[in-house]
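Asker: This is a predicted model, with the sequence first.
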Amino acid sequence: MEVFLLSEKNVSKEIPSLYSLALSFLRLGVTAFGGPAMIAYIRKMSVEEKKWLDDETFRDGIALCQSIPGATAIQSSAYVGLKARGVPGALVSFISFGLPAFLFMMILSSLYLKGHNMTEVISTFNGLQAIVVSIVANATLVIGRNYIKNWKAIIIALFSCVMYSFKVNPIFIIILSGLLGVLFYYKESSDEIKEPVKKEKSSFKGFFIVLSFIFIFFLILYLTSSQLFHLAILMSRIDMFAFGGGFASLPIMLHEIVQVRRWMDEKTFLNGIAMGQITPGPIVITATFIGYIIYGPLGGLVSTISIFSPSFLFVIGIEPYFNRLRRSPVVNKALRGILCSFAGILLMSTIKFGIDIPWDTARIFLVIASFISLLLKVDIPWIVLLGSVISIFIL
């Protein structure tokens, strides 16, 4: 294995082959339950075991992935590949990590279409819908703990919650919240990073090549199927504004898919979220379910490519300039406002999901039990699987 020396710390760093990256991230992808919790496993593999990155470089990558729209864990895989083998490495790592989730969701979507009218299946998803409410409520609580620190943050969150309750487009709310962040925190001391800006090698050529392929992909859809083209545009737009991780995409999906276009009802959408929780990978894999239900397997593929393309482009496009960007007081304060807004938007999403469920004793038991389990750090897949079994017998 070829090695070279890091000039700053004189620590040997291994250069993996593309095959090694693909195989390593494919293995991780098969067991990638828990969303952001997978970051710890990515670090263990890439820093401690494989020594592809040093710890400081990996931490910089996590800061990048938490600051840009998209699902943090899968973006972290792209970052590791980018630092280890450039844009080709990023692409291989990104696809390999997300592939198991895509395949699982395509299979589950197919089974759902064939069996969702069966009594046992209906009972299962009736229970899972209640569990999804607790999962989204827990995500709201986590985001609130992380970003709601003062009265200004509370105002932004409440503003976002009220605006979303009136069915204002979440993208518009996010933009306004960013502006409020700049306004509210204008006189506060800057969050500017004090370290000197590191010079990073630009990946512009690789970025341009990937962008060209994505453009061709959209052009083919435009020329061959207006329906798939509009689905692709919508999914890309959703991902472009999903700051704060994969759960941030759910309110935007709910608004666009259920409330505006009425491509499916809210219960079906909740079922998609539930299946997204029992598959490995990020929660935004729900997009695969949506595409499959609307337009079949091709819709699932198009939806998946479209929802993940912006995330990948953000990583490889912004990474060379990230150290400079995070020194900007305006960028940091706008991001604070945006992240606060998701606490409010997710809160209203929890309420909307809850209103749509016909509550009874069994569902109340499931939502309370699952929420307590989440507070106790029980892994979501176990909660969903156990809840599925219980639902068959009590609903």
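Answerer: Thanks, I have the structure now. Numbers count the residues shown, from 1 in each chain.

Asker: for the stretch 201-350 of the chain, what are the low-confidence residue spans?
Answerer: 201-203 (pLDDT under 70).

Asker: can you pull out the helices in it?
Answerer: 204-224, 226-240, 249-253, 266-278, 286-318, 322-325, 329-355 (DSSP state H, counting those that start in this stretch).

Asker: Ile155: which of the ones you listed is closest?
Answerer: In terms of Cβ to Cβ, the element of the helices of the stretch 201-350 of the chain nearest to Ile155 is helix 329-355, at 8.6 Å. For glycine as for every other residue, the C-beta is placed from the backbone atoms N, C-alpha and C.

Asker: just checking, what packs against that closest one?
Answerer: helix 119-147, helix 151-165, helix 170-184, helix 249-253, helix 266-278 (3 or more Cβ pairs under 8 Å, 6 or more residues apart in numbering; DSSP states H and E).

Asker: can you rerun that using 7 Å?
Answerer: Where contact means 3 or more Cβ pairs under 7 Å, 6 or more residues apart in numbering; DSSP states H and E, helix 329-355 is packed against helix 119-147, helix 151-165, helix 170-184, helix 249-253.

Asker: want to throw those into JSON lines with mean neighbour count?
Answerer: Shown next, in JSON lines, are the helices and strands packed on helix 329-355 (neighbours: other Cβ atoms under 10 Å):
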{"stretch": "helix 119-147", "mean neighbour count": "21"}
{"stretch": "helix 151-165", "mean neighbour count": "19"}
{"stretch": "helix 170-184", "mean neighbour count": "20"}
{"stretch": "helix 249-253", "mean neighbour count": "26"}
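
Asker: Can you lay out those helices as CSV showing distance to Ala101?
Answerer: Shown next, in CSV, are the helices and strands packed on helix 329-355 (distance: least, Cβ to Cβ, whole Å):
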stretch, distance to Ala101
helix 119-147, 17
helix 151-165, 27
helix 170-184, 24
helix 249-253, 14
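
Asker: looking at these, which is closest to Phe102?
Answerer: That would be helix 249-253 among the helices and strands packed on helix 329-355, by Cβ to Cβ, at 15.8 Å.

Asker: outside of the closest one, which residues touch it?
Answerer: 136, 164, 170-171, 238-239, 241-242, 273, 283-284, 286, 345-346, 349 (Cβ atoms under 7 Å, 6 or more residues apart in numbering).

Asker: and which of these is nearest Ser391?
Answerer: Of the contacts of helix 249-253, the one sitting nearest to Ser391 (Cβ to Cβ) turns out to be Ile273, at 15.3 Å.

Asker: Any figure for the gap between the nearest residue to the closest one once chain neighbours are set aside and Ile233?
Answerer: Distance criterion Cβ to Cβ, 6 or more residues apart in numbering; nearest residue to Ile273, sequence neighbours excluded, is Val132 at 5.0 Å. Plainly put, Val132 is 27 Å away from Ile233 if you go by Cβ to Cβ, to the nearest Å.
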